[in-house]
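Here is my input; please provide its structure:
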Amino acid sequence: MIYRFTFSCEEGDPNFRRVFEADADATFLDLHNAILKSVGYPDDQMTSFFLCNDEWEKGQEVTLVEMDSNFEYDNMVMNETRLSDLIEEVGQRLIYIFDPMFERYFFGSLKEIKPGAMNGVECVESKGKAPKQLKSEDPLAGVGGKGDDDFMFDDEFKDELDMGDIDMEGFQDLSFDDGTMF
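Residues are numbered from 1 along each chain as shown. Prediction:
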């Protein structure tokens, strides 16, 4: 059997769409690699697929590498899981998380199942520009970047900070040198 998937994204180019045809015996890793190739992303993120219900609520996860198992679902890994193991009917929804830090993803849907066979997965239609793989915002921006005095204080906060307002009583006895804190 040959599966025909369509993937889209709610951010960036409103015309973005990728269509893939895949042999039912191809793995989720094959689909992962085809997606990355079609959008020009490097393979350096801990991406995942999730099966979803009609409201796009996450169900079974298929991870790039083996992870600690969620007791609600089996631990499934992309290179060991065939598409036909989990995808069974037209309309099946899944999401592909391409930016795990900010949980950004492509929405996928199985549009057609047709007879036949092929090797692996192939992108058969590519429209629009994919969003950048990673957001430019750094979630750790301002944390320890300029030295200890700047730790977690942005300039606006430092302007308002009066060191005389900090009650230092009780902090004098703390020492990180002797290892007693941890």
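
can you give me the helices for the chain?
Ranges of helices in the chain, per DSSP state H, are 28-39, 83-86, 155-160.

Just say which of those is most tucked in.
helix 28-39 (a mean of 20; mean count of other C-beta atoms under 10 Å). Where C-beta positions appear, they are placed from N, C-alpha and C, glycine not excepted.

so which of the helices of the chain gets nearest Asp99?
Closest of those to Asp99 is helix 28-39, at 11.6 Å (criterion: C-beta to C-beta).

which outside residues touch that closest one?
5, 7, 18, 20, 22, 41-43, 47, 49, 62, 64, 76, 78-79, 81-83, 96, 98, 106, 120-123, 126, 130, 133 (C-beta atoms under 8 Å, 6 or more residues apart in numbering).

that older thread, go through the helices of the chain and name the closest to Pro115.
helix 83-86 (13.7 Å).

chain center to the closest one: distance?
Here the centre of helix 83-86 is set off from its chain's centre by 20 Å, with C-alpha atoms, centre = their mean, to the nearest Å.

just stretch 35-42 next, same as before
14 Å.

Run a quick neighbour tally on the closest residue to Lys135 other than its chain neighbours.
Spatial nearest neighbour of Lys135, excluding adjacent residues (C-beta to C-beta, 6 or more residues apart in numbering): Phe102 at 5.0 Å. Residues contacting Phe102 under the criterion other C-beta atoms under 10 Å number 12.
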